[in-house]
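A.B. asks: Just a sequence and a predicted model for now, questions to come.
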Amino acid sequence: MTPSARVQSAITILDQIIAAADRKGAPADRIIAEWARNNRYAGSKDRRAIRELIYGAIRACGPIPETGRAAMLRYAEVEPEVAQLFDGSNYGPPAIGTKEIPALGGVAAPWVVKRLSGSWVSGDEAEALLDRAPLDLRVNTLKAGRENLDLELEGEVLIAPNGLRYPSGTQVEQWPAFVDGRIEVQDHGSQWACTAVGAKPGETVIDICAGAGGKTLALAAAMENNGVLIASDTDRGRLSRIRPRAEKAGAGMIERILLDPGKELSALDAYKGKADAVLVDAPCSGTGTWRRNPEARWRLDKSELLRFAEIQSRLLRIAAALVKPGGRIIYVTCSLFNEEGADRIAAFLASNKQWQATPLNLPIGRPHGAEGAQGTRLTPFHDGTDGFFIAQLTYTQ
Ligand SMILES: C[S@@+](CC[C@H](N)C(=O)[O-])C[C@H]1O[C@@H](n2cnc3c(N)ncnc32)[C@H](O)[C@@H]1O
């Protein structure tokens, strides 16, 4: 494909991504993969270049653009060599018209930017949300140690006890250590969220929103496969992905429990008042993960944020029912909106007087939230991680 033809293909795919974002349809990655399946003439170099163009354009547009062409015109403003490829050649995009208006730039739609700034995320902090994320690995201590792992490339040693960092886009899926479960791909901030649980061998720990088990696997390693570790979620598909991952990681201790939305406690009844720790890795808007998923900015809506806040508060109440006296809840969200983080903790503490927020003393991040209801915030700009809010609540009875 010529460079111009790649730009035109990227524009066509962006049109589909924009339409899908509008109706909350398939994510960008899936749309790009499907296009590649249906257009076999595009070789691997073409596919890589088209993907770069698409993600460059997505990052360059703040609010959702009207069309793929407007999005690419906006990208051409920040990457002038892209502008030269609007050359009207065969299969390429028509030349840029004098009256054509590119899509708007910026971090996100104005209402989102306002909310971020109300949550103390603005300027460099906000812009860094759109950086390219590096590739972070966690060494699975059930199978290996960071010191004696012989990997294809030497990574940067991170301050997380088992973390290694590689440049964005490093392909690790074929590495023998990945194939046999000695390493997992996990953001450095996410590794600290797991460490914050302080899970120890012999404890009873519930990962109530376990998803496909990214954090559960780290908890199993911290517990040295010894004790009770429950992975629960309301999403059957995600939960079912834990089994093969746990097998590969040698994390035999994980027990999976599918929850019924709205009746979560009934499936967890046997653990009421028994858990040493409950990890609530709550469903959220994901504003802290835009580096990996920049198109998520185009999918946010206000009513969904309200719905997330309700679920987050409900999950905190459910977690509280599971914890034994002296136990703890670790609340984690990969959103940087206060209403999904610090505000949820303040609201919980206001009506649960036997609980208190306890500092986590992590060697990363900054305290965040109101006096007496503080957690730790990690951000791409300050910590080089995805954005997270992590709070520890302890039950004194
Ligand atoms: C942030 S994701 C979890 C990611 C996962 N812990 C990981 O590290 O890969 C939030 C999860 O919460 C789940 N969820 C949503 N509502 C829930 C509910 N009422 N009870 C339990 N899990 C819920 C979603 O299905 C989703 O998998």
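C.D. replies: Looks like it came in fine. Owing to the predicted nature of the structure, the values given are computational and were not obtained by experimental measurement. Numbers count the residues shown, from 1 in each chain.

A.B. asks: separation between residue 379 and residue 385?
C.D. replies: 7 Å (CB to CB, to the nearest Å). C-beta here means a position set from N, CA and C on the backbone, and glycine is covered the same way.

A.B. asks: burial measure for residue 358, as a count.
C.D. replies: Neighbour count for residue 358, taken as other CB atoms under 10 Å: 14.

A.B. asks: For residue 223, see how far away it is.
C.D. replies: Going from residue 358 to residue 223 by CB to CB gives 21 Å.

A.B. asks: again with residue 40
C.D. replies: In terms of CB to CB, residue 40 sits 47 Å off from residue 223.

A.B. asks: Where does the stretch 51-200 of the chain get nearest to the ligand, which residue?
C.D. replies: The ligand sits closest to residue 190 of the stretch 51-200 of the chain, with a gap of 6.5 Å, by CB to the nearest ligand atom.

A.B. asks: show me what contacts that residue?
C.D. replies: Residue 190 is in contact with 214, 215, 334, 385, 386, 388, counting by CB atoms under 8 Å, 6 or more residues apart in numbering.

A.B. asks: same thing with residue 386?
C.D. replies: Going by CB under 8 Å, 6+ apart, residue 386 touches 133, 187, 189, 190, 288, 289, 291, 292, 334, 378, 380.

A.B. asks: Surely the third one is in a strand?
C.D. replies: In this case it means residue 189. No - applying DSSP: H, G, I helix; E, B strand; the rest coil, one finds residue 189 to be helix, outside a strand.

A.B. asks: Do I have it right that it meets residue 388?
C.D. replies: Yes - at 4.7 Å, residue 189 counts as touching residue 388 under the criterion of CB atoms under 8 Å.

A.B. asks: Common neighbours of the two, please.
C.D. replies: 288, 334, 378.

A.B. asks: Could you measure from the last one over to residue 386?
C.D. replies: Distance check for residue 378 against residue 386: by CB to CB, it reads 7 Å.

A.B. asks: list residues touching both of those two?
C.D. replies: 189, 288.

A.B. asks: So which of residue 379 and residue 385 has more stuff around it?
C.D. replies: Each of residue 379 and residue 385 has its neighbours counted (other CB under 10 Å); residue 385 has more, 28 against 25.

A.B. asks: Confirm residue 257 sits in a strand?
C.D. replies: Yes - under three-state DSSP, residue 257 sits within a strand.

A.B. asks: quick one: it and the ligand, what's the gap?
C.D. replies: When distance is defined by CB to the nearest ligand atom, to the nearest Å, residue 257 is 10 Å away from the ligand.

A.B. asks: buried sites along stretch 116-128?
C.D. replies: For stretch 116-128, burial by neighbour count (16 or more other CB atoms under 10 Å) applies to 116, 119, 121, 125, 126, 128.

A.B. asks: what about the closest residue to the last one other than its chain neighbours, distance to residue 149?
C.D. replies: Setting aside the residues directly before and after it, residue 128 is nearest to residue 381 in space (CB to CB, 6 or more residues apart in numbering), at 3.6 Å. Counting by CB to CB, the gap from residue 381 to residue 149 is 30 Å.

A.B. asks: Pretty sure residue 5 sits against residue 91.
C.D. replies: Yes - the criterion here is CB under 8 Å, and residue 5 meets it with residue 91 at 3.9 Å.

A.B. asks: how about stretch 350-362: buried residues?
C.D. replies: Result for stretch 350-362 [16+ other CB under 10 Å]: buried residues 355, 357, 360, 362.

A.B. asks: Report the separation between the two terminal residues of that stretch.
C.D. replies: For stretch 350-362, the first-to-last residue distance is 25 Å (CA to CA, to the nearest Å).

A.B. asks: And that stretch, how far out from the chain middle?
C.D. replies: Its chain's C-alpha centre and that of stretch 350-362 lie 25 Å apart, by CA atoms, centre = their mean, to the nearest Å.

A.B. asks: do the same with stretch 2-22
C.D. replies: How far stretch 2-22 lies from its chain's middle: 24 Å, per CA atoms, centre = their mean.

A.B. asks: can you list contacts of that stretch?
C.D. replies: 1, 25-28, 31-32, 35, 39, 42, 46, 49-50, 53-54, 57-58, 64-69, 71-72, 82, 85-87, 89-93, 295, 298-299.

A.B. asks: what's the answer for stretch 53-66, then?
C.D. replies: Contacts of stretch 53-66 (CB under 8 Å, 6+ apart): 6-7, 10, 13-14, 17-18, 21-22, 28, 32, 68, 71-72, 74-75, 77-79, 82, 103-110, 113, 130, 294-295, 297-298.
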